[in-house]
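Engineer: Model the following, please.
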Amino acid sequence: MKKQQFIETSEDRIIQSEYSDIMKKSFIDYAMSVIVARALPDVRDGLKPVQRRVLYDMHELGMFYDREYKKSARIVGDTMGKYHPHGDSSIYDSLVVMTQDFKKGKILVDGHGNFGNIEGDGAAAMRYTEARLQKITQIGLLADLDKDVVDFGPNFDETLKEPLVLPALFSNLLVNGSEGIAVGMATSIPPHNLGEVCDATKAYLHNNDITTSELMQYIKGPDFPTGGIITNKSELEEIYESGSGKIKVRGKVEVEKAKGGKVNVIVTEIPYPMIGDNIRKFLSDVAALAETKKTTDLVDISNQSSKEGIRIVFELKKDADPDNFINMLYKKTRLEDTFGFNMLAICDGRPETMSLKRVIEESAKFQYEICTRKYTKLLEKELDKKEIQEGLIRAVNVIDLIIEILRGSKDRNMARLCMTEGKTTGINFKSKESKMMASQLNFTEKQANAILDMRLYKLIGLEIEALLNENEETLANIARYKDILSNKDSMTEVISSNLDNIKGEFNTPRKTVIEDVEEAVYEEKPEEIIDVYFLMDRFGYAKTVDVAAYERNKETCDTENKYVFKTKTDSRVVIFTDLGLMHSIKVKDFPLIKPKDKGQPIDNLSNYSSENERVLFVAAQEDLKFKRLVFATAGSMLKFVDGSEFEVSKKLVAATKLNPGDSVVAIFTPEEEKNIVLRTKDGVFLRFGLEEIPEKKKNAVGVRGMKLGKGDVVEEVYFTKNAGDNIIEYNGKPFDLHAKVKPGHRDSKGIKIRS
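Structural biologist: Predicted structure coming up:
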């Protein structure tokens, strides 16, 4: 098939392109935009664009750590208007995350107000909260922006400039980690300990050939702000070497003795992936284990967590085994979880999955670049100062001549030309000697302007001495800066000193323990099998009650429920419907509650749909083993099926085969019944013996029960004994099946009875 073409037109040209080429290019452009400009952090400063813009805007607004807080709405609005026109929610969400000490290794923003909590509660609206920069952010990420240490680019409307990267003095990517989903790729980097990252960077600076294994002597592994225990220490080297893998982390648990000989199991630290709503899910999961009798040791759960830390208390029975209960928490809940490690970041403008050494290498390379640009700028300033200082010192030595030039000049420009080029024309001198000396002056432009701007108090002796001392300091700075710029070892020492300063001021002890831990072994106690009564009302609400409770309320239970029978908790309940389907539900899935409680709709426990199906027969699966079921359909198809055919564990199976458009109208397990009576919509009755119905497999259609008139269908089916009370209600009147319906045979027409 010929490809469609896309035609782009303008006044002077027509360009023909394939649609596929246009779509391919557009998608790649979009994907790269999301990857580079939205979702992934830069390896140099560890920040996504929105984070970088928020921090830079706060810096521009003067929201420093030692000044007052300002409203978050001010930050968000200013950032959106100047640098990030992508909606206020993304900006505020980014700001909130940078204040949360349970998500970041080192928070970059000092938040004041409700910025959410570890249990997943969201932050207050931006109009209520306030913020300012953290000290580490100012010193470690935003310092020296005025010294041309990083490149700036135009903002979205090219009216302002913004930094393309912040001048990070440490590997913020490792310290704070990052999470983001781009197009076709995602990053997931855990936080690390600041001191360890600084030490590892210094080790790399002094030995560029250092291996990942040697770096891990400094960086032991992730250091989650929530603490916890990393249990696969031996796998970390391979993960850091490749840049991806799975880190197993579990929460910390303590055992405390309680009153009455009981024991409390207390969770004091949670695994990092559990933060947020997963804490609530964890508590729900443990409660569900108790409700489903997976554990019978639990008495009570209380979440006593606060700003001081996590404290989730599980109160156990007196004879409970706390170690087995703890292992159950690790095996059956998210108290032991996996953190997917994928060190993906932007490097040289491209996404790259990086090893630990590669990240540190790029961080060090960036710090060399920052250092070079910083000291180049400082050297330029010191050289300018040196030039001016030397001019002022020379001027002091000939100050009388300078004053004579100034007094004899008509304007500033005449005096300046005299000092820089020796032009004495138009200047009145006291003597020829002065004029000759003035003609020999050769100050630079900067020196001449500095002399002209100099105030008279600078001629005081102490001021002259201070000028000489300042010049000596300038010469020392110039020598130092030149040494740093020309000697890599000197620059390395400067970078190392910066890292030492950051570590010394901001380092905190490691929170996460790293070790090789054997997999938790949980010995699940065999489930206690008990007798229960199954109850289901006519609305489809089902439940189980214990035998004693049923016997105490037998009359009420039998009256209010349509299906009542005894079963066991390890059995299944089978539900047959008019669509010829059988739904199988474990007895233990039904709530074990009091007889007066409502129960659960069977819709919620199975694939049954009350809107499309109608329940015809309900029984305990084990009760069908030695019985036979009669199936009767609206199309008058009949058969017996051996109950053993329904011993299946699947939730949904076909109980019988139906002709197109047919449906089941009755299912029955005969006990003492000998006859079957079919009644059609048009009032035709047919009675015959059950022995005339053959036994078939469940996937068979069956045989015809009676010949139906055109458009007629079987509407009711009755099962009767040869003698006894067989009175039914028909057309609103009592109707004796034995007296009014004479015996016939299967596959005959039956008798039409008006009333």
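
Engineer: contacts for stretch 597-606?
Structural biologist: Applying CB atoms under 8 Å, 6 or more residues apart in numbering, the contact partners of stretch 597-606 are 535-537, 539-543, 575, 583-585, 589-591, 593, 608-610, 615, 651-652. Every residue, glycine included, has its C-beta placed from N, CA and C.

Engineer: Kindly recompute the last result at 7 Å.
Structural biologist: If you take CB atoms under 7 Å, 6 or more residues apart in numbering as the criterion, stretch 597-606 is touched by 540-543, 575, 583, 585, 589-591, 593, 608-610, 651.

Engineer: Any buried residues in that stretch, and which?
Structural biologist: By 16 or more other CB atoms under 10 Å, the buried positions in stretch 597-606 come out as 599-600, 602, 605-606.

Engineer: same deal with stretch 667-676?
Structural biologist: Per 16+ other CB under 10 Å, stretch 667-676 contains these buried residues: 667-668, 670, 675-676.

Engineer: of all those, which two lie farthest apart?
Structural biologist: Greatest spatial distance among the buried residues of stretch 667-676 (CB to CB): 667 and 675, at 16.9 Å.

Engineer: How much space separates the nearest residue to residue 589 once chain neighbours are set aside from residue 478?
Structural biologist: Nearest residue to residue 589, sequence neighbours excluded (CB to CB, 6 or more residues apart in numbering): residue 605, at 5.4 Å. From residue 605 across to residue 478, the span is 83 Å (CB to CB, to the nearest Å).

Engineer: For the nearest residue to residue 717 once chain neighbours are set aside, list the residues it contacts.
Structural biologist: Nearest residue to residue 717, sequence neighbours excluded (CB to CB, 6+ apart): residue 666, at 3.7 Å. Contacts for residue 666 (CB under 7 Å, 6+ apart) come out as 616, 632, 717.

Engineer: looking at this, residue 666 is in a strand?
Structural biologist: Yes - using DSSP: H, G, I helix; E, B strand; the rest coil, the assignment for residue 666 is a strand.

Engineer: Tell me what it is bridged to.
Structural biologist: Per DSSP bridges, the residues bridged to residue 666 are residue 632.

Engineer: Now do the same for residue 463: helix, strand or coil?
Structural biologist: Quick answer, by three-state DSSP: residue 463 is helix.

Engineer: and stretch 290-305, which residues are buried?
Structural biologist: Quick answer for stretch 290-305 (16+ other CB under 10 Å): 290, 294-295, 297-298, 305.

Engineer: ranges for the strands of the stretch 651-755 of the chain?
Structural biologist: 652-654, 664-668, 675-680, 684-689, 703-704, 714-720, 727-730, 733-736, 751-752 (DSSP state E, counting those that start in this stretch).

Engineer: Name the residues that touch the fourth one?
Structural biologist: By CB under 7 Å, 6+ apart, the residues outside strand 684-689 that reach it are 674-679, 706, 712, 737, 741, 743-746, 748, 750-753.

Engineer: Not including adjacent chain positions, what is the nearest residue to residue 719?
Structural biologist: residue 673 (4.1 Å).

Engineer: What residue spans form the domains of the chain?
Structural biologist: 252-334, 368-506 (automatic domain parsing).

Engineer: Need those in a markdown table (columns: distance to residue 87 and mean pLDDT).
Structural biologist: Formatted as a markdown table, these follow (distance: least, CB to CB, whole Å; pLDDT from 0 to 100):
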| stretch | distance to residue 87 | mean pLDDT |
| --- | --- | --- |
| domain 252-334 | 22 | 90 |
| domain 368-506 | 32 | 90 |
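
Engineer: Quick check: the residue nearest to residue 589 vs residue 590, distance?
Structural biologist: As for residue 605, its distance to residue 590 is 7 Å (criterion: CB to CB).

Engineer: Most neighbours of all the contacts of stretch 597-606, which one?
Structural biologist: Counting neighbours by other CB atoms under 10 Å, residue 542 leads these with 26 neighbours.

Engineer: For that residue, what is the enclosing helix or strand?
Structural biologist: Here residue 542, judged by DSSP states H and E, is contained in strand 541-546.

Engineer: C-terminal to that strand, what's the next element?
Structural biologist: Counting by DSSP H and E, the element after strand 541-546 in chain order, helix or strand, is helix 547-552.

Engineer: Helix, strand or coil: sort out the closest residue to residue 293 other than its chain neighbours for me.
Structural biologist: Of all residues not flanking residue 293 in the chain, residue 527 sits nearest, at 6.0 Å (CB to CB, 6+ apart). Using three-state DSSP, the structure places residue 527 in coil.

Engineer: Would you agree residue 527 is in contact with residue 294?
Structural biologist: No - checked against CB atoms under 7 Å, the pair residue 527 and residue 294 is beyond contact range at 8.0 Å.

Engineer: Show me which parts of stretch 260-278 are buried, residue by residue.
Structural biologist: 262-267, 269-276, 278.

Engineer: Can you tell me which of those is nearest residue 205?
Structural biologist: residue 272 (29.6 Å).

Engineer: Tell me who's in contact with the closest residue to that closest one other than its chain neighbours.
Structural biologist: Excluding its sequence neighbours, the residue lying closest to residue 272 (CB to CB, 6+ apart) is residue 224, at 4.0 Å. Going by CB under 7 Å, 6+ apart, residue 224 touches 190-191, 249, 272, 511-512.

Engineer: So what does residue 224 have for phi and psi?
Structural biologist: Dihedral pair for residue 224: phi -70, psi 140, per degrees, to the nearest 10.

Engineer: what separates it from residue 368, distance-wise?
Structural biologist: Residue 224 sits 31 Å away from residue 368, going by CB to CB.

Engineer: what do you get for residue 678?
Structural biologist: Applying CB to CB to residue 678 and residue 368 gives a distance of 94 Å.

Engineer: same question, residue 314
Structural biologist: Taking CB to CB, one finds residue 314 at 53 Å from residue 368.

Engineer: Of the two, which one has the most company?
Structural biologist: With neighbours defined as other CB under 10 Å, residue 314 and residue 368 compare such that residue 314 has more, 25 against 15.

Engineer: State the three-state secondary structure for that one.
Structural biologist: With three-state DSSP as the basis, the three-state label of residue 314 is strand.

Engineer: Look up which residues are beta-bridged to it.
Structural biologist: residue 265, residue 301.
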